[in-house]
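*Asks:* predicted structure and sequence below. I'll ask about it afterward.
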Amino acid sequence: MDEEDLSDDEPEDIILNFQFDTWGENKEEVDKQRKKVRKLLKQNEFVLMDNRNDFESETGIYHYADRFSFMVDAEEYYLE
């Protein structure tokens, strides 16, 4: 956290990070579900930070991982 993110030594903003994983045997279905989730998160001000696509050949499963961030006002976060 940078100094400009603090007021009276208290955080002004909080950044929440998480990873959403999409798994499946059908590539088209995994792509479809991933697009739905990405669209909903972006509409709600989540920012896609990183992603990874993997196919596990031993199991035949597609595994897509998307990492998102979301910034909230610290006062609102602590009040809930």
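*Replies:* Everything's here; your move.
*Asks:* what's the single longest helix in this structure?
*Replies:* When every helix of the chain is counted residue by residue (DSSP state H), the longest turns out to be helix 27-43.
*Asks:* now it, how far from the chain's geometric center?
*Replies:* Relative to the chain's own centre, helix 27-43 is displaced by 12 Å; criterion: C-alpha atoms, centre = their mean, to the nearest Å.
*Asks:* name the helices or strands packed onto it?
*Replies:* The criterion is 3 or more C-beta pairs under 8 Å, 6 or more residues apart in numbering; DSSP states H and E, and the helices and strands that helix 27-43 contacts are strand 13-24, strand 47-56, strand 61-73. No exception for glycine: its C-beta is placed from N, CA and C like everyone else's.
*Asks:* now it against strand 13-24, angle please.
*Replies:* 170 degrees (axes from the mean of the first three to the mean of the last three C-alpha atoms, to 10 degrees).
*Asks:* give me the buried positions along helix 27-43.
*Replies:* Buried residues in helix 27-43, defined by neighbour count with 16 or more other C-beta atoms under 10 Å: 30, 34, 38, 41.
*Asks:* how about stretch 66-75?
*Replies:* Of the residues in stretch 66-75, 66, 68, 74 count as buried by neighbour count, 16+ other C-beta under 10 Å.
*Asks:* which ones are touching the residue nearest the centre of the chain?
*Replies:* Note on the chain: the residue nearest the mean C-alpha position is residue 68, at 2.2 Å, using C-alpha atoms, centre = their mean. Residue 68 is in contact with 17-20, 41, 46-49, counting by C-beta atoms under 8 Å, 6 or more residues apart in numbering.
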